[in-house]
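J.: here are the coordinates; sequence isn't available:
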């Protein structure tokens, strides 16, 4: 059974940086896209970033140039480095994994996706 555990959220000020981590367990993730979504109160879940086993990356438009996703395959862990945070980045950030492509995880059906419980990121302006 796939288990995802996020960490690293918190309260920061606008302009600050934060790094999130997500440790995955329960199977091999060599064929999985691993990444991040976020959900703010009253808004739909939004794709943030994802990476595959080879280190290819894929980003949502709202975070390009500010956020960076990476992955440690030995640890089955995916990271999200967030720089230049602003109030609009305030949300619960959820780790997600799914077999297949990066666009598939980002915008395709989530029938085979697993999501973590999420970690809160709050940016004060």
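T.: Nice, thanks for sending it over. Since the model is a prediction, treat every value here as computed from it, not as a measurement.

J.: Find the nearest non-adjacent residue to the residue nearest in space to the middle of the chain, please.
T.: By Cα atoms, centre = their mean, the chain has its centre lying nearest to residue 36, at 1.7 Å. Excluding the flanking residues, the one nearest residue 36 by Cβ to Cβ, 6 or more residues apart in numbering is residue 48, at 4.2 Å. Glycine gets a C-beta too; all of them are placed from N, C-alpha and C.

J.: Which secondary structure state is assigned to the one you found?
T.: Three-state call for residue 48 (DSSP: H, G, I helix; E, B strand; the rest coil): strand.

J.: ranges for the helices of this structure?
T.: 102-107 (DSSP state H).

J.: pLDDT value on residue 97, please?
T.: pLDDT for residue 97: 98.

J.: Mind giving me the packing neighbours of the lowest-mean-pLDDT helix or strand in the chain?
T.: When each helix and strand of the chain is scored by mean pLDDT, DSSP states H and E, helix 102-107 comes last, with a mean of 95. Here helix 102-107 touches strand 32-39, strand 46-51, strand 57-59, strand 91-99, going by 3 or more Cβ pairs under 8 Å, 6 or more residues apart in numbering; DSSP states H and E.

J.: Quick check: buried residues in the second one?
T.: I take that to be strand 46-51. Buried residues in strand 46-51, counted by 16 or more other Cβ atoms under 10 Å: 47-51.

J.: circling back to that earlier point, tabulate the helices and strands packed on helix 102-107 (CSV), appending distance to residue 67.
T.: Below are the helices and strands packed on helix 102-107 laid out as CSV (distance: least, Cβ to Cβ, whole Å):
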stretch, distance to residue 67
strand 32-39, 8
strand 46-51, 6
strand 57-59, 7
strand 91-99, 10
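
J.: most packed of the ones you listed?
T.: Highest mean neighbour count of the helices and strands packed on helix 102-107: strand 32-39, a mean of 25 (counted as mean count of other Cβ atoms under 10 Å).
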